[in-house]
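> quick one, structure for this:
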Amino acid sequence: MRTRASRNIQYPQCGLRLRTPRCEQPGHGPNPVHGSVLVIVMMAVLFATFALIAFMERASNDLLVDQRAVLNRRLRAEAYSALEVTLSVLEVFRGVGNGLRSPTEGWGDPLAFAGYVPGEGREVQVAFEDESGKISLPRANATVLTSLFMNWQMPQPEAEMLTDALLGWMDRSHVSSTVLAPQYDLSAIPFEAPGRSLKSFQELAAIDHAREVFYDQDGRPNDLWRRFADSVSLLDFEQPNLNGARPDTLAAMGQFDEVQQQNLVDYLGGKGMYQAQGPGFFQNPTDAQRIAGPSGNMGAFGTTIRALRIIVTVIDGQTEFRLAAVIAPPDGAKTVETNATTQRAPASPKAQSPGGRKGRPNQSAKAASKDGRQPAGEGNLKYPFTLLEIRENDAASTAPAVVAGS
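From the prediction side, this is the model:
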């Protein structure tokens, strides 16, 4: 049998002579087109990976926000539940003691008193601040304000000027006793003093001279601003509560010296010479006379709370919800209701209702029925306290509060 001899075959694609017919044929070697497709596919996968990672991060943040929102709603419900329990306990003590005087009466830890158990994994704290232990700004006169500022070691002329600035803002009929004569109508934006007590401590920034005293050069509240907010209440009540009175209140309203102030504070807090007997409270101002001594104006004080700030804090892990409410018992404090408007003449008869009275929205719905009883759904809720203010997750006070159980 005859075999074929090997032949030298030259393929143009090989570029050299081979002794075998097996040589790389077109399509069997590296192809630049295939490499380009591979690069494009890898880039597409890379971009898709980046997009997927970004989407997962965005989705994770959205889920975290939603989770916190749900948790915040649950903590909010817990806070309001604790607030209602606290109000129930306060009403019990108010009815038994004919008024609230001090947490040392036994209502300092209302949740423990009521046997309240928060949700699993949560901690609820209740703190109190006697708002009526401050000076009621709507009822403060020139003597009280001047005494307050002089107690801050402010020279009398400066104290009187600051008093004129405040009273000139709050009372249109006030006659200044100093050279201070604000001209708000000549300001870059002319305006008129409201002629009513402050509704916010931020109003101090608009009052001439008070702006220089209570704010720094950058327009931020200074230490005097914070001390003023801690010593003065914007609520309207008749007498400060002696059992919760601030040192500035004792000095400005009672004209007590530092020794008398310290004796009263020690007695109420159970400190100093009264440490053995523990915290106490006064049933009436006469009881405080033996502690403070014969001097001073004890008649300027009462011994019941007119306005109480309740601070409820719910803690769940790293999340906190803070609820602050200011309540007033019957015949307690009130908010400033006078509008900051210029007094105008009464409306013409055309603006009045056919019955001769000025028309008011929903007046007929609020009127009593012919037999003298309230309409259904009106006035049936006998809530023991008046809610004057409520804030959520906000700085409610400039002073440390009395924490339940402390």
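
> can you name the residues that contact Lys271?
Contacts of Lys271 were listed using CB atoms under 8 Å, 6 or more residues apart in numbering, and they are Val265. Placement of C-beta: from N, CA and C, glycine included.

> dihedrals phi and psi, it?
Lys271 adopts backbone torsions of phi -120, psi 170, taken as degrees, to the nearest 10.

> one more: the one 4 residues further on?
In this entry, Gln275 is assigned phi and psi values of phi -60, psi -30 (degrees, to the nearest 10).

> same thing with Glu123?
According to degrees, to the nearest 10, the main-chain angles of Glu123 amount to phi -130, psi 130.

> ramachandran angles for Asp130?
phi -80, psi 100.

> wait, it sits on Thr249?
No - under the criterion of CB atoms under 8 Å, Asp130 makes no contact with Thr249, lying 10.3 Å away.

> the two - which one has more neighbours?
Using other CB atoms under 10 Å as the criterion, Asp130 and Thr249 rank with Thr249 on top: 28 against 25.

> what about that one, helix or strand, and which?
helix 247-254 (DSSP states H and E).

> what comes up buried for that helix?
Within helix 247-254, the residues scored as buried using 16 or more other CB atoms under 10 Å are Asp248, Thr249, Leu250, Ala251, Ala252, Met253, Gly254.

> how about stretch 274-291?
Tyr274, Pro279, Gly280, Phe281, Phe282, Pro285, Ala288.

> which residues touch it?
Contacts to stretch 274-291, defined as CB under 8 Å, 6+ apart, come from residues 101-102, 104-105, 242-243, 263-264, 266-270, 298-299, 301-303.

> which among these count as buried?
Buried among the contacts of stretch 274-291 (16+ other CB under 10 Å): 101-102, 104, 242-243, 263-264, 266-268, 298, 301-303.

> now do stretch 96-115: distance to the chain's middle.
Put simply, stretch 96-115 sits 24 Å off its chain's centre (CA atoms, centre = their mean, to the nearest Å).

> put the alpha carbons of it into PDB.
Output in PDB follows, covering the C-alpha atoms of stretch 96-115 (Å, rounded to 0.1, in the frame of the first residue of the first chain):
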ATOM      1  CA  VAL A  96     -57.300  64.500  98.500                       C
ATOM      2  CA  GLY A  97     -55.000  67.400  99.400                       C
ATOM      3  CA  ASN A  98     -57.200  70.100  98.000                       C
ATOM      4  CA  GLY A  99     -54.500  71.100  95.500                       C
ATOM      5  CA  LEU A 100     -51.000  70.100  94.400                       C
ATOM      6  CA  ARG A 101     -48.100  71.600  96.300                       C
ATOM      7  CA  SER A 102     -44.900  69.500  95.700                       C
ATOM      8  CA  PRO A 103     -43.800  66.100  94.400                       C
ATOM      9  CA  THR A 104     -42.800  65.400  98.000                       C
ATOM     10  CA  GLU A 105     -46.500  64.900  98.700                       C
ATOM     11  CA  GLY A 106     -46.200  61.400  97.200                       C
ATOM     12  CA  TRP A 107     -46.800  61.900  93.500                       C
ATOM     13  CA  GLY A 108     -43.200  62.200  92.500                       C
ATOM     14  CA  ASP A 109     -43.300  58.800  90.800                       C
ATOM     15  CA  PRO A 110     -46.800  58.600  89.400                       C
ATOM     16  CA  LEU A 111     -46.200  55.500  87.100                       C
ATOM     17  CA  ALA A 112     -45.000  53.400  90.000                       C
ATOM     18  CA  PHE A 113     -47.900  54.700  92.100                       C
ATOM     19  CA  ALA A 114     -50.300  53.500  89.500                       C
ATOM     20  CA  GLY A 115     -48.500  50.300  88.700                       C
END
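
> looking only at pLDDT, what's the mean for that stretch?
The pLDDT scores in stretch 96-115 average 95.

> stretch 242-262 too?
In the prediction, stretch 242-262 has an average pLDDT of 93.

> quick one: contacts of that stretch?
Outside stretch 242-262, the residues touching it (CB under 8 Å, 6+ apart) are 101-102, 130, 132-135, 144-145, 147-148, 151-152, 227, 230-231, 240, 264-265, 268, 272, 281-282, 285, 288, 292-293, 295-298, 300-303, 305, 399.

> list the contacts of Val144.
Val144 neighbours (CB under 8 Å, 6+ apart): Ile135, Ala252, Met253.

> same question, Tyr215
Leu204, Ala205, Pro221, Asn222, Trp225.

> what's across from it in the sheet?
Pro221 (DSSP bridges).

> follow-up on the earlier one: want to throw the contacts of Val144 into CSV with distance to Asp236?
Below are the contacts of Val144 laid out as CSV (distance: CB to CB, whole Å):
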residue, distance to Asp236
Ile135, 12
Ala252, 17
Met253, 15
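
> go through those and name the one nearest Leu387.
Ile135 (22.6 Å; CB to CB).

> and the closest one, how far from Leu204?
15 Å (CB to CB, to the nearest Å).

> secondary structure element for Tyr43?
Residue 43: Met, not Tyr. Using DSSP H and E, Met43 sits in helix 32-97.

> buried ones in the helix or strand following that helix?
Moving toward the C-terminus from helix 32-97, the next helix or strand (DSSP H and E) is helix 110-114. Buried positions in helix 110-114, judged by neighbour count with 16+ other CB under 10 Å: Pro110, Leu111, Phe113.
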